[in-house]
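*Asks:* need a 3D model of the sequence below.
(2 chains)
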Amino acid sequence: MAMSASAQLSKVVKRQYMELPQGDNVQAMYIWIDGTGEGLRCKTRTLDSEPKSIEDLPEWNFDGSSTYQSEGSNSDMYLIPSAMFRDPFRKDPNKLVLCEVLKYNRKPAETNHRRTCKKIMEMIDHQIPWFGMEQEYTILGTDGHPFGWPSNGFPGPQGPYYCGVGADKAYGRDVVEAHYRACLYAGVKICGTNAEVMPAQWEFQVGPCEGISMGDHLWVARFILHRVCEDFGVVASFDPKPIPGNWNGAGCHTNFSTKEMREDGGLKCIEACIDKLGKRHNYHIRAYDPKGGLDNARRLTGHHETSNIHEFSAGVANRGASIRIPRTVGQEKKGYFEDRRPSANCDPYAVTEALIRTCLLDEEGDEPVDY
Amino acid sequence: IIIMATSTSSKLCKAVKQQYMDLPQGDKVQAMYIWIDGTGEGLRCKTRTLDSEPKTIEDLPEWNFDGSSTYQSEGSNSDMYLIPQAMFRDPFRKDPNKLVLCEVLKYNHKPAETNLRQMCKKIMDMVLNQHPWFGMEQEYTVLGTDGHPFGWPSNGFPGPQGPYYCGVGADKAYGRDVVEAHYRACLYAGVKICGTNAEVMPAQWEFQIGPCEGIEMGDHLWMARFLLHRVCEDFGVVASFDPKPIPGNWNGAGCHTNFSTKEMREDGGLKYIEESIERLAKRHQYHIRAYDPKGGLDNARRLTGHHETSNINEFSAGVANRGASIRIPRSVGQEKKGYFEDRRPSANCDPYAVTEALVRTCLLNEEGEELVKYK
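*Replies:* Below is the predicted model of the structure:
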């Protein structure tokens, strides 16, 4: 009963249809972020031939009044293709197309954070910024309860589940396995997975991605996760604190480096960045979840391997700090650092942009600079 | 509880079926003849064996059927004729087998009451040089065999509308397998499907057919509907084209019809679009009667002025306005050429009737309530 009715439709029947040849026709599924800044939407169009690059994909539009993005009386919004991937559900030659959303006047929609992020990335692309994001999430049944948990209760306390194996430790591994393969097929730069501390909680890592591609790859990885879960009849939640109390929250730890930091002596540069971040804590907290910090307030308590939302801290190998410098980096005196503050439901465009603004463009104060 | 929402047929073993469907058939070809029954909404089909693969519609013989079993004639004089009109590849039986859309004629060779194709074709033939293009956005609801929308809690309702339109995830998209299978079936068959999306009400979906010129619009939409019914049958669920399946604060289902002529598509075409809209404004009742199979009674449940519909009693038009009878897409308003969208037709409309009405009013300049008879 925790799985959807859709999941029980015959997959043998579906396979028979999916194996039908499609001639020269190509299905392109356009994907965008809706008015919540967290939700993803999608619709498909038929193309006459396989698009080879993003330029081959036409602009499109949609009804923004149905996605919390505009009023019914003036509801057309534009979809601008921005990144193309192979479709692991419909397979080659079909495509997934991540899009930016523009309003009727062709200005970016409120939740289109990609536009500004791209501008910022272009200003410093010679510094070759690399990102890796660790996406945590919780699998829920359609009843909203974590998948595999007793229906009106709780599993045993945290301890045995992190990277665990066995039916009493790992809940829903099929989803993780399917998602990993789907990402690899699609061309999303997934670099790892592990079971997390709370049962039914998992993590995947995407990266290293340079500049704007971090946001692109993470959003598509999230979309693929939602579709994989839909196929299994369960739900993926990026809520930063799905179960209150003595259960871990879900974050999106963001690893960052520039060419300078990766070269000999780079630790100096890392420490300089951390200094700058230390002076701009509130600006980053506002950028690190879609509700300006309100979501993270439930998660960043100072317990459960988080820092307290009100305090900035940094340290080598310290998982209770806002910024953690991996021990190897401390030893080799070069590498990268990990910002542990972003929430699981953060917008990666907003996160990566904030890091660039503070660390590389030397911005200060509470407001971003208008260039 | 969830298993009960799908039919017993869908639980027959598909592996067994596949073994039989893999049997070679020599030179024999199965042609499934499809027609619209006496309700004007229902589809019927039966199959015959042919000795060789038909290459064109002319290779398909006329046939007949018992109209007293399809609400179309009396038992004492029940033979009705099936006249092949459009042929497609069969995605269920696969090549070389065919699906054949037919017109129905009465015993005296006059068109059956619900054969609206014959008149539509006459009208389309009168305006061929204007190259009328259509695109129709078919909305529908997936129901369980219990008649309740698929995936809805069995004695209740899902959360309110908002997250479902174009949604993804098991809590947002109900029955995507049907949509995926239908899309591929249409592509295989040669039906001009140009897109799909999840709709505002959960378990409601939309596919778009077009651009089709003239009579082809009705042929392709009816065939797409037949394919949907068959795909749903295979999954054990039901496709409903009812325009307001759930009363209250739940969206209805329409068949928004996009229309243009060569003139409208060329530079300065907006002028012709606006002229057409003026003519449509003067003939609202005539169109309402043509836009569902019950002369407007079905649409009365749907066109309330809420849920992105216009009110059935008022005609309105506007750029990017989804609450109007006619919507001019924003890009068309900007480029001053293109097409317009008539949002009034019901999901269960007859596309032959809809496309004919648009051509009569906009291109043949008809006015008033009466049907003009041409030679």
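*Asks:* can you give me the strands in chain A?
*Replies:* A:26-33, A:40-47, A:60-63, A:76-86, A:95-102, A:130-140, A:190-195, A:201-210, A:235-237, A:252-257, A:314-316, A:323-325, A:337-339 (DSSP state E).
*Asks:* kindly state the pLDDT recorded for the closest residue to residue A:295 other than its chain neighbours?
*Replies:* In space, and not counting its chain neighbours, residue A:295 is closest to residue A:289: 4.0 Å by CB to CB, 6 or more residues apart in numbering or on different chains. Glycine gets a C-beta too; all of them are placed from N, C-alpha and C. Listed pLDDT for residue A:289 reads 95.
*Asks:* adding mean pLDDT and distance to residue A:154, write the strands of chain A out as TSV.
*Replies:* Output for the strands of chain A, formatted as TSV (pLDDT from 0 to 100; distance: least, CB to CB, whole Å):
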stretch	mean pLDDT	distance to residue A:154
strand A:26-33	98	33
strand A:40-47	98	30
strand A:60-63	92	41
strand A:76-86	96	38
strand A:95-102	98	37
strand A:130-140	98	14
strand A:190-195	97	18
strand A:201-210	98	14
strand A:235-237	98	17
strand A:252-257	98	25
strand A:314-316	94	32
strand A:323-325	96	29
strand A:337-339	97	30
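*Asks:* quick one: those as CSV, columns for distance to chain B and mean neighbour count too.
*Replies:* Formatted as CSV, the strands of chain A follow (distance: least, CB to the nearest CB, whole Å; neighbours: other CB atoms under 10 Å in any protein chain shown):
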stretch, distance to chain B, mean neighbour count
strand A:26-33, 7, 25
strand A:40-47, 3, 22
strand A:60-63, 6, 20
strand A:76-86, 4, 21
strand A:95-102, 11, 23
strand A:130-140, 8, 24
strand A:190-195, 18, 16
strand A:201-210, 16, 22
strand A:235-237, 5, 24
strand A:252-257, 19, 24
strand A:314-316, 36, 17
strand A:323-325, 32, 22
strand A:337-339, 28, 24
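*Asks:* in a markdown table: those, plus distance to residue A:70.
*Replies:* Shown next, in a markdown table, are these (distance: least, CB to CB, whole Å):
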| stretch | distance to residue A:70 |
| --- | --- |
| strand A:26-33 | 13 |
| strand A:40-47 | 13 |
| strand A:60-63 | 8 |
| strand A:76-86 | 6 |
| strand A:95-102 | 10 |
| strand A:130-140 | 29 |
| strand A:190-195 | 34 |
| strand A:201-210 | 31 |
| strand A:235-237 | 27 |
| strand A:252-257 | 28 |
| strand A:314-316 | 42 |
| strand A:323-325 | 39 |
| strand A:337-339 | 34 |
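*Asks:* got a list of what the residue of the stretch 251-371 of chain A found nearest chain B touches?
*Replies:* Nearest residue of the stretch 251-371 of chain A to chain B (CB to the nearest CB) works out as residue A:345 at 13.7 Å. Contacts of residue A:345 were listed using CB atoms under 8 Å, 6 or more residues apart in numbering or on different chains, and they are A:38, A:238-240, A:252, A:289-290, A:295.
*Asks:* the nearest residue to residue A:305 once chain neighbours are set aside - how many residues pack around it?
*Replies:* Residue nearest to residue A:305 in three dimensions, not counting chain neighbours: residue A:319, with 4.5 Å by CB to CB, 6+ apart. For residue A:319, the number of neighbouring residues by other CB atoms under 10 Å in any protein chain shown comes to 13.
*Asks:* shouldn't residue A:319 be in contact with residue A:340?
*Replies:* Yes: the pair residue A:319 / residue A:340 is scored as a contact, 7.1 Å apart, by CB atoms under 8 Å.
*Asks:* what's the overlap in contacts for those two?
*Replies:* Listed as contacting both residue A:319 and residue A:340 by CB under 8 Å, 6+ apart are residue A:305.
*Asks:* pull the contacting residues for the residue nearest to residue A:295.
*Replies:* By CB under 8 Å, 6+ apart, the neighbours of residue A:289 are A:240, A:295-296, A:342-343, A:345-346.
*Asks:* most neighbours, which of those residues?
*Replies:* Busiest of the contacts of residue A:289 [other CB under 10 Å] is residue A:343, holding 30 neighbours.
*Asks:* so what pLDDT did it get?
*Replies:* 98.
*Asks:* what sits against it?
*Replies:* So residue A:343 contacts A:240, A:250-252, A:288-289, A:295-296, A:299 (CB under 8 Å, 6+ apart).
*Asks:* how near is it to residue A:146?
*Replies:* 18 Å (CB to CB, to the nearest Å).
*Asks:* ditto for residue A:255
*Replies:* 27 Å.
*Asks:* just the terminal-to-terminal distance for stretch A:51-70.
*Replies:* Counting by CA to CA, to the nearest Å, you get 30 Å between the two ends of stretch A:51-70.
*Asks:* residue A:131 touches residue A:216, doesn't it?
*Replies:* No: counting by CB under 8 Å, no contact exists between residue A:131 and residue A:216, whose distance comes to 11.2 Å.
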